[in-house]
Structures are given as structure tokens and as C-alpha cells.
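Undergrad: Fold the stuff below for me.
(4 chains, ligands or ions: 6)
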Amino acid sequence: MSDTSKEFCMYETAWCPGCGNFGIIKCLKQALEELNKDPHEVLLMAGIGQAAKTPQYLKTNSFSGLHGRSLPAAIAAKIANNNLTIVVNTGEGDSYGEGGNHFIHNIRRNVDISHFVHDNQVYGLTKGQASPTSSEGFVTGVQTEGSMNTPFNPLMMAIAAGAGFVARSFSGDPVQLVELMKKAILYKGYALVDILQPCVTFNKINTFAYYKKRVYHLDESYDPHDKMAAIQKALEFGDKIPTGIIYQEQKQTFYDKNKVLSTAIPLCEQKLDPSLLEKYSQEFI
Amino acid sequence: MSDTSKEFCMYETAWCPGCGNFGIIKCLKQALEELNKDPHEVLLMAGIGQAAKTPQYLKTNSFSGLHGRSLPAAIAAKIANNNLTIVVNTGEGDSYGEGGNHFIHNIRRNVDISHFVHDNQVYGLTKGQASPTSSEGFVTGVQTEGSMNTPFNPLMMAIAAGAGFVARSFSGDPVQLVELMKKAILYKGYALVDILQPCVTFNKINTFAYYKKRVYHLDESYDPHDKMAAIQKALEFGDKIPTGIIYQEQKQTFYDKNKVLSTAIPLCEQKLDPSLLEKYSQEFI
Amino acid sequence: MYNILLGGAAGQGVDTTGTILEKLLKQAGYQIFSMKDVMSRVRGGHNFTLIRFGPEKIDSHSYKLDGIVAFNEETIEVHKKQLKPGGFILCDASFAAEGKNITKIAMNEMAKTIGNPKVVGSIAIGAILKSFGETLEHIETVYKHAVKSEYLDQNLQAVKQGFDSVKKHHEHKDGAYAKWMLLTGNQAISLGAIAAGLKFYSAYPMSPSTSIMEYLAGKMTEAGIVVEQAEDEIAAINMAIGASFAGAKAMTGTSGGGFSLMVEALGLSGIAEIPIVVANIQRPGPATGLPTRTEQSDLNFMISASQGEFPRMVIAVKNHEDAFYQTIRAFNMAEKYQIPVMLLSDQYLADSSAVVEPFDFAKIKVYQAPEPIFEGEYLRYKLTKDGISPRLIPGTKRGFVAADSDEHDEAGKIIECAEMRIKQVDKRFLKLKKLAMEIQEPEFIGSDTYDTLLIGWGSTYGPIKEAVQYLNNTSGKKFAALLFGDVYPLPTKLLAEKVKAAKNIVNVEQNATGQLARLIRETTSITCTASILKYDGRQISGEEIIAAVLKEVAK
Amino acid sequence: MYNILLGGAAGQGVDTTGTILEKLLKQAGYQIFSMKDVMSRVRGGHNFTLIRFGPEKIDSHSYKLDGIVAFNEETIEVHKKQLKPGGFILCDASFAAEGKNITKIAMNEMAKTIGNPKVVGSIAIGAILKSFGETLEHIETVYKHAVKSEYLDQNLQAVKQGFDSVKKHHEHKDGAYAKWMLLTGNQAISLGAIAAGLKFYSAYPMSPSTSIMEYLAGKMTEAGIVVEQAEDEIAAINMAIGASFAGAKAMTGTSGGGFSLMVEALGLSGIAEIPIVVANIQRPGPATGLPTRTEQSDLNFMISASQGEFPRMVIAVKNHEDAFYQTIRAFNMAEKYQIPVMLLSDQYLADSSAVVEPFDFAKIKVYQAPEPIFEGEYLRYKLTKDGISPRLIPGTKRGFVAADSDEHDEAGKIIECAEMRIKQVDKRFLKLKKLAMEIQEPEFIGSDTYDTLLIGWGSTYGPIKEAVQYLNNTSGKKFAALLFGDVYPLPTKLLAEKVKAAKNIVNVEQNATGQLARLIRETTSITCTASILKYDGRQISGEEIIAAVLKEVAK
Ligand SMILES: Cc1ncc(C[n+]2csc(CCOP(=O)(O)OP(=O)(O)O)c2C)c(N)n1
Ligand SMILES: Cc1ncc(C[n+]2csc(CCOP(=O)(O)OP(=O)(O)O)c2C)c(N)n1
Ligand code: SF4
Ligand code: SF4
Ligand SMILES: [Mg+2]
Ligand SMILES: [Mg+2]
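TA: Ligands and ions are numbered 1, 2, ... in the order given. Alright, predicted model coming up:
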């Protein structure tokens, strides 16, 4: 039986009413459908967290791995089968906290996947501890005196690590978010979209209204190809929060560089030339 | 018995003749002695690797932990006893590869330790694989077609993560290196010195001559307090490699912010007020 | 003894209502054992709290109910079968359910009138108090600590309205527990850690361990404890090791998945001989598994985790009181033997509340390592008769202190020499000889003559105890049980003695493969003849054990 | 059979010289077993290679020497006691050592004259060839592959000069092995992986596993394998799992410390039922331990690693030939049962070279999972009779594929329901039933009647075999041995049968706690009566086992 519908049906979710995740998953569905993706060739991947439940809620292929480990699994799945469209949807704790090492090093690999980080500046699933992006002074049951660490700046870190597509959006801005998602998916290489997402239950500071008041679109005159300008924008996070493509640069991808992948046949379907085994054996004789 | 000598005696090493590590350890010894540090109050810490053998070779307190895990152990030791001068000497594979997540997040904590990364752009102890800082095209037994990843830029990453003291030096420039080490140790907060270090055995590209030709001192006119200028300098790594303090900013340290540490008594010597136990019990009655 | 269930969707306040109610019942003098069953989501789904209370000692939960308080209709659907004859259901007037045991109150409407839809739980609390013959005597004291002051009046009003809207069903019974402590397993561990001299706690959030970090974080400034949320569990344990090396007593806590990431550093603690306490609050695996539920399936993992071989100790906590005292003991053993000591608890104990006798702080002995005596150079890894090398903290003027994850000589320098390697391995294992003398035998309970010996460990302590008492009183056969707390090294004296008389040896475990039974056989060759295993994420109850035992023994 | 030792400091070319010499000896028709003993440093210290060769089958190394080639004076000092009567020492003319068994050549001077101080090793090679009655026939072919072309002539000249500078001591013996393969244990694993259809290998460098990655990296473009150096071991295994999920056969390799970091993901492979092969090339722990040495101390760890419970398989490789075939089998078992399969090897096998019969690629069966047959919605975790759910690869048009680390229903969606939880746990464990029928019993060797049964696993295969043969031939007593390859699930049939006749059961293990003995007792209640344990980082030899056995049996 083969289902030829191009619709990404939605299942019932376990999110709180009013959660920013609803906006994001709707945009994701729309972006994939507008790109005319066949659900059979899409693979949604995630770690663990509230955001990380996203892949479970759309009718397509899904991989719900370990907390913090979505990227290594995702880039390897893409290497194994270049025909898959791979999108990672997961939380900022998952992406930048537990998964921080994979974040900085997978940017360096530049495999062609999209990474949509639902950034609610809090650990949602574990009920409200500070996340890497929590602002200084953010009070929680663990950070009883307020978070004391310098907040993690995802855009700066991504640019510093060498990412070629770095964007920010807001779950309450569906028109822009769909656009950015589509561009990220079409971009050849690793594409990051950090998506500001209110958590109505555990983050009473960075609310919908908070973001709404602060976000603004980068205007036409802004050139995302100018790295120093991009860095300046990436550093801007306070009363004003720029959204849109912060930085873009075309770079060689993992596929471009790795000779094993230079054929049109995806790795998972490549067959070993049996004569090679004889040849390799001979080398030991 | 108590040894009142202020000399950091050196033990026999297991490094290759000509290795850049010799230059670094000499400077470290000199820096500590010029700062008039008592060897009993210095704690050298490391992970695992060639560079990571450094703490074993000076007569002082030493902690040789796990590969990649020097920073969490180091910041916690400092939190436990603020009277210790804690210096981490370890490799760039250890610091930025296996230990990458601790690198970015401990910068955010800003505990007052110095982190001297012996950056030979190769995995020395495991006999010559690419490290995070290896240049593109670097050929090894594993990277048989040359390293394909965008090199990790330690200075950019440190600035992006919010470090307040970011410097680069070269093992072949002892005058500058001793100076920078002293400043890093005196700096209140997390201080990074990325030290270019030839590995004569496994890195035939980034040799002594290679670095010698390229490094130059940032001149008097350079203002390390200007973040955008610092970023520009941090991005410069090619025919010319700037050395010196790339970025400096005074920030509140972990000690400044954490109320538990606001007393003069180091944490490890603080005693619990026994009446608190009764009080906490009462809360359950 | 009564047993009531409060049920509803996540977000409906089941948890808070239960917590307040159990406090009120304790103030009335009752023993309490209350258990939480929570789904891994923040809203929706179906959660419930079981509160068992009465004037006598209560060791565990039960699934047989005297009453159901239903905040949604699903609760009635799912649980009505558990109701004992004469049991009641309390729900909102708007619910469809019908039956003579159903009491409906217009809770939702009342709450609206009071001006706060969230006080529904307090209305229910009032109704429960009345039903069981309690007064409103303690409501002000309890609510003062439980709700924000601006909502206090609304809640008190709600309790009173609830109280007035039902009839008394039962008479108050006199219990002697009003001055005892009511706390959860994780709170008991936290308090134990403070009492043991904890100075540094680092962890990464993970259910069901997070409440330890939260409790400690609430006390940190006052108690002088640095509580640090790590970037990941690897950092958490390496921080704890670093702090401990520098002289601050340190602990980390997590659940199985986080412990998986701590495995390498466990070996660092082992070879570098740096004391550390690691609490694993178990939940069902593998991997993410059932994040908010309970299981005892990390035992085999914990006793063999990390490459290579080194001495360690694993203590399973049996109940709330034990959790407190064993945590102190864990710190003491870690300090004395300079080894990693692991505490094994589980979601069941972590989140359930029980009433325990106030801790006697005067009696607690915190181990204080003697100041090292030495001449000449200080040797961190000195070969000694008992394998314990006197430990110096770095920073004194007395000598230089080394820690090394490589094999090393007495001074702590890397070596490759075969002889020193053997000596250091032997030295480390020698510590187990002395430690063996401090190992605690399992608790033996039940009849002195018995055919069937049950064997359990950790949190099944309460359910097994209840089952054995009941079986001995009613079944006509005789039963006993050995209940292990120390599981590694495994104490074997009492075991060897007690299995002799047993015709049946039945291990009761909250896992699928019978992990303690395997460990027992590995250590002693003793084979359990039957197993009662539960691995659906819900804690086995006394009555389930009774049924399973009767089935096993009958067959 | 001869046994020679080449010794010197790191950086003096001991390793290279040994590698060339063993190739030349194999070309001459000999069997070879050569072992490396290396310090964890790049320069200095003391390293040696042992090369055992002869016309008969050789199963392992020996520490009794027919000859020593000393590149530094320390080598003579350290090893001269191992020399058999009549054995020789070859060293530079400048060395101080004296004795009638010492042959000195002015190697250093000759090398200087040739114009390359590094050819000292080749001079020694020439001298060895002459001593043992060999010719220079193969030197050009072998050197052509071993040194850069610009140094070829210098080296050949060196060999010839060495050849001419000594006298013949022994006569050439005819061996039949010139056309067999000479390779290391890690090369055998690598070749096995390629033969099994490996498409993706991700790892982080760690001795002694790195040479697997290096071998594969040398073939990647030609063989179509992506070899990716990961940022850490956590990434390495999660990459392998991701690649495998998407349909590329995947493997990762490491040593114990790296495996410690892979533990959590092992459970992901277990619950998500994603096939994966993990090779752990063991070295002595705990923690960093002795990085370049050998041990068998991760067995208990590997069989219980990761929170929760799930089926897995652990295969210990016994020798070089076995390493090849078992690697293929590991992939096949992983694919068929959709489980993690772990290969356990160690530094001893990894770095030692042996001569094996050329692999018969025609005979190899690579398991090909059948295309899933289903109607309606595809269910990744369908409950089936044998527990194996037909596996679809994502990206076909046939259905949607889910992988889930949470407990899930048949479709792969998160669940919390007790019934489905039990069903999925049972389904996963059900796979072990079928798998049990494919488990390989240990190899039984020795006398059919015996008093003493030795028990070993993995790389002690060769040494134990040698010991048993020797003991049966010379001691007047009768011995047998069971040599395990499959260790988990543990095969018990032959064991149960063979222990019956044994008065003594002696486990021989390269660890301090007797890990296999514990596993045997855990599984069968059978208790070993004595143990021979070695944990100094050096592989036990046949002669050491003989001595220990005679001591054990005598007492
Ligand atoms: C190894 C491990 N550590 C910790 C956890 C517990 N955990 C699950 S989700 C999560 C954080 C979620 O935060 P984030 O990624 O920001 O997602 P959100 O829930 O906010 O969407 C944590 C700590 C886990 N599942 N595994
Ligand atoms: C968990 C773990 N993985 C891998 C290793 C092996 N290892 C030891 S040192 C090292 C890399 C060393 O590189 P670097 O940190 O750059 O130090 P260098 O030797 O170059 O000074 C590796 C991979 C280890 N010891 N532990
Ligand atoms: S807890 Fe926060 S992130 Fe999670 S579903 Fe609720 S609102 Fe969304
Ligand atoms: S291998 Fe390289 S880094 Fe290591 S000691 Fe030798 S030269 Fe130095
Ligand atoms: Mg979040
Ligand atoms: Mg390096």
C-alpha cells in the first residue's frame, strides 16, 4: 500500500494550551507542504524534551533519539541517504545544553540538514529549570537566586563555528517563520533557525507579549552576507530582537567534499565491489 | 615537614625532543615563579593527551583527570577552595573536541581559573589524527583525503561564548608567553590562552617555522576592549596570525555572584550551622 | 487504615491538592503513605495521587480504594473498579457518572463564585476532611505554607465550603503522628546529604531526581552549599569529583540515563580514589523509557559500570527513613574508603511521601578522616596495610597532592611498570576487606519458621513487609523475607543461613530479568526457585505480592 | 619454532623493523605470531616486539627468547634473563654489554655511512635473516611496500650489509605459509566489517582501537565507506545509530573509556531496535589506566551497560581468524535481531600479527533481511511471534518509519500504558529465544578424559591452547579447556556437560576479579575451583599458564 497524499497529517499533542510549539509545528507542516515534499521522503528527528515531541506529531518518518543527541544521528542519517529531507526540531536545552558539543562540531561538518530550535529559554519537560539561553537573573526551582551564567547566544555561536545559514524567528510570526523554514530546508548545508517560543507554563518572563514587543524584521537593506554586520546583529538581544536571516554564505557541504558520496546512488544503496575483498586480502599476503 | 621553596621543580618528561611543550612548560614555571606563587597553593589540572602530561612534570599539586573533562573538575576545585591558584594545561583536542561542551558552558560560568591550551592542531598522544583546529586538507591516517571540516576557531568561540580574557601566543615566543600567562593568572575570571605549539612528530604542516613566519604581536594601538575589533582579529588566521590579548573585559565572576561564596572562608572549610538541621526538620512537621 | 485516590489531568492540581491534604491528615495525627502516578507531560493525560492514612504504621501504598476524588470523568472510568465495598466517589456536580456511592458537589461553580477556579482542589479537601471526621483545626497553618498569601483566603473559604457540603462518613481515629515528619524519599536524601556535610552538589535536571537539586537549591545560601546545574551529566560528575578532590564533600544525582553518562568518571573516582556520592533515582528504561515512572532495573548496571575494575559500594534505599540515614552513611563510607558510593532509589520512593520519626541529629556520626601522619614526601597513593592511603587536601603547606586517572605510583605519577600496577590494583581492592566488616546484612522479617522466603531490595521493602504480615496472619502458611539495603558488595551471611530452611526462595523485583537474583547467584550460587517481577512502571503493591505468592506457592 | 625480541626506545623504529621482519619471515614460508609491547609515549621509554616464527602452527606469543635484537642497552638489561640456553643477543658495536652470546655489529656506523641513521633496523633485519638461514629473495617486494621509494635503496643496501656481517646459526626450515595472510587482529576486524557490508564507520581516536578506523579510512573511497571521526564517542555511536536507521550498515569502535560514553546510546539501539555493531578493544582500566596495554576487564560492564533491560549480544574474539569471521557474524546478528552486538577484543590481539589461511569470501553469508510484508499502516514495532518486527528503511514509498527511545506502541508513538509496556518489553526479549539457537558453544580442546578443566575467553585462546597441549604431553596428568567466544548470552550446554568430569575448574583470565567465572556462576551456579588471573597489562603466555596450573593442581 502506498499513500500518495502530500499532506503531513497532525496527531494529537501533549502540549499545554497556548504553548508556542503549536505555532511552530503548524509552520513546519505548511513549509513542508508548500515545498511539495513527499511525507515519505521527509525524516523529522529530535532529541528529548517538549519541543522534541514534534516529530511524533506529524505523519512522516520520525526519529526520537536521546536527549542532546539529535544532531549526530541526523547528519549520519543524511549521509546514509541523501534522498531524505531531514529536519531536526528540538529544544534549546537539547541543542545547546546537553548537545552543545554536537552543535559546534556538526556546524563544522556542514551536512545538508535543517535545525529548528524551539527556544523557550527554559527546560520545559523537566518542569522549569534554566536553559542555556535563560536570561541572567531568571529565577527557577533550581536557580533560586536567579541564573548567574552569561546566556548562550546561539546565533553568535553558530557564526563563530562557521555556519552558512543562521536565522532567528518567533513562533508568533507564522508568515516569516514559514518563509525561513522553507529557505533553511532549501539551503544546501547546515541551516539553523533559532525560534523564540513562549512556554506559558514555566517561563513567565519571556512571554508571547515579551517577544512580540521586541522582535523586528531585518529590513531589505540588511545584507546577511556581511559577516561583521551579522555578528553585530547576532549580539543584539534585549529591548530589540532582530529576526530573519542573520547570516548566509554558500559553503561547500559534506557531500561536496566527501568522495564516497560523489555518486548519485545514496550510500545505503551502494554495493561493495566483491573483487575488492580479494584485492585487500592480497595486500596481506 | 613543610617545603618552603618557591621553585616549581621539573621532573623528567616523556615528550619528543623538539616538542613545543617544552617551551610552554618552561614559561609556565617561570610565570608561576615570577608571580611568587607558593607551589603548595597551585593546582595544575589537565585531561589526557601529550599536553595534558604537564601537571605531572612540575612539583606542585596536580590533577590528571579524564580526556576532555578538565574544565568541570577545575572550576569545581576552584569553587571548593578559592585559595588555590588553578591552571589548566591541556591539548586542543581535549579542550575543544571531547571537551567542547564544557568549554562553551564554563566560559558562561566565569570561574577564576586559567586555561592554557597547547594547540598543536593534531591529536598527539593518539599518534596524529586531525584535531578540531587542524586546517582543511590536513592529511592523516584517518583523514586520508585531508580534513574536510571548517577548523574550530578557539578565539572566536570563546568571545562568542562570553569570555572576558582571550589571548593567543606561541610556544616559540617565551617572552610574550610568560607575560600572557601571568596576566591570565592574575585576571579575575576565566582566562583562555590558546598557545600555538609545534608537534614535531605528527604535524609536519604547522611547524615551528610555519608559526614563526606567521605570528605577529598586536601592537600598542590595538584595544583589546573593543569587541568588534577583537572579533576581526580572532577571524585572522592564515598568512598572518595575531598574538597577544585579543579580547579583554572585566566581568562579574562566579564568586562575585554566588552568595554562598561571599564569605572569606573557602567552601571546603565552611561548617554547617547544626541548628539548621533542626530547622529543616521542623519544616516537615 | 483508609486509602483515597485523587485523579485528574496534568495541570488540574492533583499533585498540589494531594500534598496539602496529606499534610492536614498528618496534623490530625495519622500515619501517611502517599504515592504519585504522573504522565510525562505538563498538561492533559491522566495523573493520580494515592493517599493512605490511618492511626497505625503504614509501609506502602495500596491500589484498593476507600474513596476517589475525581477532577475529571476519566478518573472515575479508570479507577472505579478499585473501589472497596462501601467506598465513595467525590466529583463535580456536572459529571455524567451515576451511582449510589457517588457524591457530587458543585465544586466548579463554587470555585467560580469564590473567584478562583483553581480552588476546586481545596473544596475537595474540605469535603474529605468532613467525610473522615476531621476538623478544620489545621487548615490555616498548613495553607499558609502551601499557597501564596494573596490566595490564602480564597482557599480557606473553599475548604470551608467543601467541608460544609458533605456529611461525615467516618469517625476520627486517634493517631500519634502529628509531631512526626512527612516527607518524600528525595527530601530524605537531600536532608541526609546536608546532615552529612554536603558542600557541593552538581547535577543536570532529570526526572525523578530533580527534586533533590531543587530541595538543596532552596537551602543553598543558608546552608552554605554550592548547587550547580551542569551543562550535562558528564560535567556534573566531573565537577563533583573536582570539588571533592579540593576538599568539599560532593554529590551528584540523576536517573539511569544521566548515570549512563557518568560511567567513565565513576572509574576516575575509583582509580584516583576521590570520594564521591552518586544517587541514581531509577525510572524504567531502556533509554528514555517511561520517564515519570518507576523501576529497579539499574542494579546490574551500577555494580559493573565503567571500564576496568575498582572497589565501589551500592546502597539501595528501602524507605524514607532509610533514605535519610543511608545517605549519611554513603558519605561516610565514601570518605573513609575513598571510593565512589552509589545510592539507588527509584521514582516510587522519590515522589511518595511517608511519615517518619523525627531524625535524631545528635546520634548522627559524620566520619572525619584523620589528619595524615607522614615523614618526608607526602605520598597520595601510599601502599598501606588496609589499602587506605591517608588523604591530604591540596592547598595545605604539608605536601603536594596528586590525582591521576592513569595507573600511578605511590606519589601519583604515571607508571607502566607491571609490579607497581599490581600493587596499586591490590591496594585498591584491599579496602574491600575492611569495608566488608561494615556491610549491613538484609533485614529479616516474618515467621521464624517458614517454607517460603521472599527476597527483595530497595523500595519493595514496604510492599513485601505488608505482604508477609498479611500472609502469615491469614494464609495458614508461614513466610519470611530478606530485605536488602546494601546490595554491593552483597552481604551473604544471613542469606546463606536463611535459605537453608526455605523450600521456596522467591525474588520480588521491580524489573524484567530478576537482577538481584542474578547477583545472588553470582555471589553465592544460591538459586531462587521462583520470581515475582513487575516492569510496567507501576510499583508493586502488597496485595499484588500476596496474590502472586499464593499463585507461586500453590503451583 | 623460534622467538626473537626487538627492543628499544619509542622513536627508534622497533615497530617498523618488526613489521618488515615478520613479513620477510612469512614470505620465507613461516607461521608467525608477533606481539607488541609499547609504552604510552611517542619518544623514549622502552618498547619491544616479540616475533615467534617456525614451520608449524603458532597460537600465541612466548616470553622465552632465542634471540634479542637490542637497539638500546636497556633492552639487554631488561630481557637477557628471558634468553633460552644458546640464545643470542645482537646489538651495536658501541654497547657496553659483554658475553659470549653477544654479537655486535657496527650498525650505527654502517647506517651513517649509508647516509641514513634510520636504516639501523634494516641492518638488523639482514643479520637476522642470515642467522636463521634465510635468503634475501623477498627483500625487494617487501621493502617496496614498506618504505618510501626515495629510501628504498638505502634500506636494501642496509639489509645486505647486515646480512654479510654475521654468520649463519640455524638452517632454514620449510613452512607452507608463504601464501597465507599476515595481519593484525584489528585488520581482521576491519576486513570482516567490509566483507559484512559496512557503509558507515564513526569513531573517536582511542588506543588500541584507532587502527580499525585507520585501516578503513585507507579504503573508504574505493570501498564506498564513509569513515567519520566524531567529536566524541557519544557522537560516534549516535551517528552510527542514525546511519543504521537510514539503512547504512554501521559500526563504531573504541576502547573501554570511549565505550563508557556510548553506554546511553546502547540502550537507544536496544529500545529503538536499530542494529549496530560496537567493537571494544580493551585495555587496562579503570579510567585512563594503562593506555597501550592489554586486559580483559570490560566483560561484566558490557553485558550490563546502560539503564534498563534489553537484549544484546557480546562476542569475544579468540584470535585473528576468528576476529574476521565473528565480525561478519556480529553484523549478521545485529541485522537479523535488530539489536546492538558488541565485539570484545583487546590490545593483545589488536596489535599482534598472525598468519591465517586466506579468507574464503565465497563462503561468507551476509544476512539480508527480508522485505517487510504488510497490509495497511506499516508498524515499526509490530508484535510478532518471534519478537522481530519486519524492518522498513525510511524513504521508500511503502510506509512511515519511526524510531523511539521512549516506550512506544507498535507504530512507534510514545505510550504510558502498562499493557503495551509489558508487551514491548516481552517482544524485545522474545528475540533471545530464536537467537539462543544460534549461539556458539565454546571450543573444547584437550584430552577427552581430564581432571582439570581450564576455562577462558577471547584472546587467552592461544595461550591456553598451547598450555593444554604442553601439559597433556609432558605433565603426566590430563587437561582440557573450554574456550568461549560467545559470552553473552552465555552458552551453557557444553559447559554443563564438561564440568561434570572435572575435579578442578580453573578460569584463566586477564583481569583481577575473574569476570567470566562470575558470569558462569550467575548463569549456571557452577563455581570455578581456582583462578589464574593476570592484570599487569601484559598478556599471559602459555608458559605462565603452565606454571600456574601446575601450582594450582599441586596444592
Ligand atoms: C541524559 C538525559 N539527561 C536529562 C534528561 C531529562 N530531560 C529531558 S528533556 C530535558 C530538557 C528539555 O529542555 P529543552 O531541550 O529546552 O526542551 P523543552 O522541553 O524546553 O522544549 C531534560 C533535562 C534526559 N532525558 N536525558
Ligand atoms: C574517552 C577517551 N577517548 C579517547 C581517548 C584517547 N585520547 C587520549 S589523548 C587524545 C587526544 C589528544 O589530543 P590533544 O588533546 O590535542 O593533546 P595532544 O596529545 O595533541 O597534546 C585522545 C583522543 C581517551 N583517553 N579517552
Ligand atoms: S511546558 Fe512549556 S514548552 Fe512544554 S508544552 Fe507547556 S507551554 Fe509548551
Ligand atoms: S607527539 Fe608531538 S605533541 Fe607529543 S611529545 Fe611528540 S612532538 Fe610533542
Ligand atoms: Mg526549552
Ligand atoms: Mg593536540
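Undergrad: Next up, the contacts around the closest residue to residue C:54 other than its chain neighbours.
TA: In this structure, residue C:54 finds its nearest non-sequential neighbour in residue C:1, 3.4 Å apart by C-beta to C-beta, 6 or more residues apart in numbering or on different chains. From N, CA and C alone the C-beta is placed, and that goes for glycine too. Applying C-beta atoms under 8 Å, 6 or more residues apart in numbering or on different chains to residue C:1 gives the contacts C:52-54, C:56, C:58.
Undergrad: Let me know the helix or strand that residue C:543 is in.
TA: helix C:542-554 (DSSP states H and E).
Undergrad: hmm, back to that, quick one: the residue nearest to residue C:54 and chain A, what's the gap?
TA: 32 Å (C-beta to the nearest C-beta, to the nearest Å).
Undergrad: Also residue C:221?
TA: With C-beta to the nearest C-beta as the criterion, residue C:221 and chain A are 7 Å apart.
Undergrad: again, but for residue C:518
TA: 27 Å.
Undergrad: How about the backbone phi and psi for that residue?
TA: phi -70, psi -40 (degrees, to the nearest 10).
Undergrad: excluding its backbone neighbours, what's nearest it?
TA: Per C-beta to C-beta, 6+ apart, closest to residue C:518 is residue D:522, 5.1 Å.
Undergrad: Would you list the phi and psi of that neighbour?
TA: phi -60, psi -40.
Undergrad: now swap in residue C:533 and tell me
TA: Residue torsions, per degrees, to the nearest 10, at residue C:533 are phi -120, psi 140.
Undergrad: quick one on the thing from earlier: could the contacts of residue C:1 go into JSON lines alongside pLDDT and neighbour count?
TA: Output for those, formatted as JSON lines (pLDDT from 0 to 100; neighbours: other C-beta atoms under 10 Å in any protein chain shown):
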{"residue": "C:52", "pLDDT": "98", "neighbour count": "27"}
{"residue": "C:53", "pLDDT": "97", "neighbour count": "27"}
{"residue": "C:54", "pLDDT": "97", "neighbour count": "17"}
{"residue": "C:56", "pLDDT": "95", "neighbour count": "11"}
{"residue": "C:58", "pLDDT": "96", "neighbour count": "22"}
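Undergrad: Columns distance to residue D:261 on top of the residues you listed, output as JSON lines?
TA: Conversion of these to JSON lines gives the following (distance: C-beta to C-beta, whole Å):
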{"residue": "C:52", "distance to residue D:261": "43"}
{"residue": "C:53", "distance to residue D:261": "46"}
{"residue": "C:54", "distance to residue D:261": "49"}
{"residue": "C:56", "distance to residue D:261": "50"}
{"residue": "C:58", "distance to residue D:261": "43"}
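Undergrad: so where does residue C:384 fall, helix or strand?
TA: Using DSSP H and E, residue C:384 falls outside every helix and strand.
Undergrad: Pull up the per-residue confidence for it.
TA: Note for residue C:384: predicted pLDDT of 98.
Undergrad: so how far is residue C:273 from it?
TA: In this view, residue C:384 and residue C:273 are 12 Å apart by C-beta to C-beta, to the nearest Å.
Undergrad: Quick check: the gap between the residue in the stretch 1-150 of chain A positioned nearest to ligand 5 and residue A:117.
TA: Using C-beta to the ion, residue A:91 is the residue of the stretch 1-150 of chain A that sits closest to ligand 5, at 3.8 Å. Distance, residue A:91 to residue A:117, by C-beta to C-beta: 7 Å.
Undergrad: Could you check which of those two is surrounded by more residues?
TA: residue A:91 (34 against 27; other C-beta atoms under 10 Å in any protein chain shown).
Undergrad: who touches that one in this structure?
TA: Residue A:91 sits in contact with A:47, A:49-52, A:117-120, A:123-125, A:131, where contact means C-beta under 8 Å, 6+ apart.
Undergrad: ok, how many other residues are close to residue 275?
TA: Picked chain A for this. Residues lying near residue A:275 (other C-beta under 10 Å) number 9.
Undergrad: wait, chain C
TA: That count, for residue C:275 with other C-beta under 10 Å as the rule, works out to 27.
Undergrad: State the pLDDT value of it.
TA: Residue C:275 is given a pLDDT of 98.
Undergrad: Isn't it up against residue C:332?
TA: No. The pair residue C:275 / residue C:332 is not scored as a contact, 9.6 Å apart, by C-beta atoms under 8 Å.
Undergrad: sorry, back to before: quick one, grab the pLDDT at the residue of the stretch 1-150 of chain A closest to ligand 5.
TA: Reading off the model, residue A:91 has pLDDT 98.
Undergrad: Could you check how far it is from chain D?
TA: 15 Å.
Undergrad: How much space separates that residue from ligand 4?
TA: To ligand 4, residue A:91 is 39 Å away according to C-beta to the nearest ligand atom, to the nearest Å.
Undergrad: Over to residue A:244?
TA: Taking C-beta to the nearest ligand atom, one finds residue A:244 at 45 Å from ligand 4.
Undergrad: Now residue A:245: phi and psi?
TA: Torsion angles, degrees, to the nearest 10, at residue A:245: phi -80, psi 110.
Undergrad: check contacts around it.
TA: Residue A:245 touches A:165-167, A:180, A:183, A:218, A:224, counting by C-beta under 8 Å, 6+ apart.
Undergrad: Quick one: those as JSON lines, columns for distance to ligand 6, pLDDT and secondary structure too.
TA: Converted to JSON lines, the contacts of residue A:245 look like this (distance: C-beta to the ion, whole Å; pLDDT from 0 to 100; DSSP: H, G, I helix; E, B strand; the rest coil):
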{"residue": "A:165", "distance to ligand 6": "30", "pLDDT": "98", "secondary structure": "strand"}
{"residue": "A:166", "distance to ligand 6": "29", "pLDDT": "98", "secondary structure": "strand"}
{"residue": "A:167", "distance to ligand 6": "34", "pLDDT": "98", "secondary structure": "strand"}
{"residue": "A:180", "distance to ligand 6": "38", "pLDDT": "98", "secondary structure": "helix"}
{"residue": "A:183", "distance to ligand 6": "38", "pLDDT": "98", "secondary structure": "helix"}
{"residue": "A:218", "distance to ligand 6": "40", "pLDDT": "97", "secondary structure": "coil"}
{"residue": "A:224", "distance to ligand 6": "35", "pLDDT": "98", "secondary structure": "coil"}
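Undergrad: Quick check: the residue of the stretch 51-200 of chain C nearest chain D.
TA: residue C:78 (11.2 Å; C-beta to the nearest C-beta).
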